[in-house]
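Chemist: Sequence and predicted structure below; questions after.
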Amino acid sequence: MQPQPIGVFPGAAGFFLLPLVPEADRLIPLLLRGHVPDSWPESWCFFAAAIEGKSEDEVLALLPEGPEAAYNRFILDPQAHTYTLAKEVISGDFTLLLDAVAWRLKLCETPPPLGDTAGEIRAFLLATQAYDAFQRKGWPTGLSFLFEAAAVAEDVSPVFSARLYAEWAATKQMLGDHGKETVEGYQKALALLETSSFQEARAELWFQLGSVYQTGAGGRKSSLLEAARCYHEALKVYRKDTYPEEYATVHMNLALAYLAMPALDRSAYLRTAAAIQSLREALRIFKKDTHPELWASATVNLANALQHVKTSHPEENLWEAVALYEEVLEVRRPKDDPLGYARVLANQGNALAHLGAFSRALPRLEEASRLFCTYGEHEAANAVEDVLAEIACMRKQAASNEKMEQ
């Protein structure tokens, strides 16, 4: 029976073959769009069980007899003998599909040819050719196969096609391409998934698309605003109570997008305030003991934002920033990350200098300068030396004023 819902549902269900049933013409289009029926034909109950996340034993117990069952047993128990048994009873283009799965499971040395296949089977085989090329570092060839697979699948299943376009875009992003084609790949995948039930997949794509805009922004406000819009779309699904880590990660990126925008207009204040709120949300999930690196990153960014936001109570913000830096310094060791440690010291020293706490600021700034010089960060060292020079001038002026008053 074709078409089959290959590549539509995650996990083993994305590989299963369904036997022909009288209701197939009515139900298959539903499955290909990522929806499930209200009731399942008896011989498809194994498929429903796999989608529901039932155990392999439960799915195996529900498999009906027939050539599709032999293939599906191989999916659930990928051994040489189950592969041989499936190969004895499966026929036509499904033989190539079986060989492709066997290659992905390292039971065959080479992926099968495309033959005269069409539809979802051809898309699966093209994707397999892409993975083979990727394994040999043939990135352009692999991307070409994967893009063709997505285009072929589009005529059969928007969901399978969306997953392939998303994979194509993610591979380009992994290779450092944050340009128009990568953006369009994610946008295409999002559009194809719009009417499906896979809202989590859409949220992940919104997050990925946002990260492409953010990474490739180069300081451009328009790209950073697009990134922020994408993150807000992701947050419609990633709620704090249901997807806490994703929720916190999106808020972290959202804050960094706001903070990276040029502060040349009146709305800069509002963006910084929004960034501070997002970082506080991230820190509700990222704790020092459970997510030490992410906690430290969010804490430092929050402290930096507090230092620079325009507010009616700047001293209160500066003291909170100093305390946040101190928390990070308590767990960061200079021998592990001397430059990271130096940057926190420099930022804390700067905040203390703005508060007029020069005696506390000086040792931190001097140590930061020493570390920057030691590790060749001369520009950062010069910036710290400028702050030290300003402090020296202010202290000299204060001493002079004091003498005059006497």
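Modeler: Thanks, I have it.

Chemist: The host helix or strand of T299: which residues count as buried?
Modeler: Per DSSP states H and E, T299 falls inside helix 292-308. Within helix 292-308, the residues scored as buried using 16 or more other C-beta atoms under 10 Å are 294-307. Backbone N, C-alpha and C define where each C-beta goes, glycine included.

Chemist: likewise stretch 370-379?
Modeler: L371, F372, C373, E377.

Chemist: ok, and the closest non-adjacent residue to the last one?
Modeler: Read that as E377. The shortest distance from E377 to any non-neighbouring residue, by C-beta to C-beta, 6 or more residues apart in numbering, is to L339 (6.2 Å).

Chemist: now the third one
Modeler: If you skip the residues right next to it in sequence, C373 has A381 as its closest partner in space, 4.8 Å away by C-beta to C-beta, 6+ apart.

Chemist: related to what we said a few turns ago, adding distance to P22, write the buried residues of helix 292-308 out as CSV.
Modeler: Formatted as CSV, the buried residues of helix 292-308 follow (distance: C-beta to C-beta, whole Å):
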residue, distance to P22
L294, 53
W295, 57
A296, 60
S297, 57
A298, 56
T299, 61
V300, 63
N301, 59
L302, 61
A303, 66
N304, 65
A305, 62
L306, 66
Q307, 69
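
Chemist: so which two of those residues are the farthest from each other?
Modeler: Spatially, the most separated pair among these is L294 and Q307, at 20.6 Å (C-beta to C-beta).

Chemist: domains of the protein?
Modeler: As recorded under the TED database, the domains making up the chain are 1-111, 334-405.

Chemist: Of the ones you listed, which shows the lowest average pLDDT?
Modeler: Note on the domains of the chain: domain 334-405 shows the lowest mean pLDDT, a mean of 89.

Chemist: from the chain's centre, how far out does that domain sit?
Modeler: Centroid separation for domain 334-405 versus its chain: 37 Å, with C-alpha atoms, centre = their mean, to the nearest Å.

Chemist: Repeat that for stretch 174-190.
Modeler: How far stretch 174-190 lies from its chain's middle: 13 Å, per C-alpha atoms, centre = their mean.

Chemist: what about W319, which helix or strand?
Modeler: Under the criterion of DSSP H and E, W319 resides in helix 314-331.

Chemist: got the buried residues for that helix?
Modeler: Buried residues in helix 314-331, counted by 16+ other C-beta under 10 Å: N317, L318, W319, E320, A321, V322, L324, Y325, E327, V328, L329.

Chemist: Give me the longest helix you can find in the protein.
Modeler: What stands out as the longest helix in the chain, according to DSSP state H, is helix 378-405.

Chemist: who does that helix touch, helix- and strand-wise?
Modeler: Under the contact criterion of 3 or more C-beta pairs under 8 Å, 6 or more residues apart in numbering; DSSP states H and E, helix 378-405 touches helix 338-354, helix 358-374.

Chemist: okay, the angle between the first one and helix 358-374?
Modeler: Read that as helix 338-354. Per axes from the mean of the first three to the mean of the last three C-alpha atoms, to 10 degrees, the angle that helix 338-354 makes with helix 358-374 is 150 degrees.

Chemist: Which strands and helices lie in contact with helix 338-354?
Modeler: helix 292-308, helix 314-331, helix 358-374, helix 378-405.

Chemist: got CSV for the ones you listed, with distance to V89 too?
Modeler: Output for those, formatted as CSV (distance: least, C-beta to C-beta, whole Å):
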stretch, distance to V89
helix 292-308, 51
helix 314-331, 60
helix 358-374, 69
helix 378-405, 68
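
Chemist: out of those, nearest to S211?
Modeler: Across the helices and strands packed on helix 338-354, S211 has its closest neighbour in helix 292-308 (15.2 Å, C-beta to C-beta).

Chemist: buried stuff in the longest helix of the chain?
Modeler: A380, A381, V384, E385, V387, L388, I391.

Chemist: Please apply the same query to stretch 170-187.
Modeler: For stretch 170-187, the neighbour count (16+ other C-beta under 10 Å) marks A170, T171, K172, Q173, D177, H178, T182, V183, G185, Y186 as buried.

Chemist: One more: stretch 152-161?
Modeler: Buried residues in stretch 152-161, counted by 16+ other C-beta under 10 Å: V152, A153, E154, V156, S157, P158, V159, F160, S161.

Chemist: From start to finish, how long is that stretch in a straight line?
Modeler: Distance across stretch 152-161, first residue to last, is 8 Å (C-alpha to C-alpha, to the nearest Å).

Chemist: of all the helices and strands packed on helix 338-354, which lies closest to S43?
Modeler: Taking the helices and strands packed on helix 338-354 one by one with C-beta to C-beta, helix 292-308 is closest: 47.1 Å.
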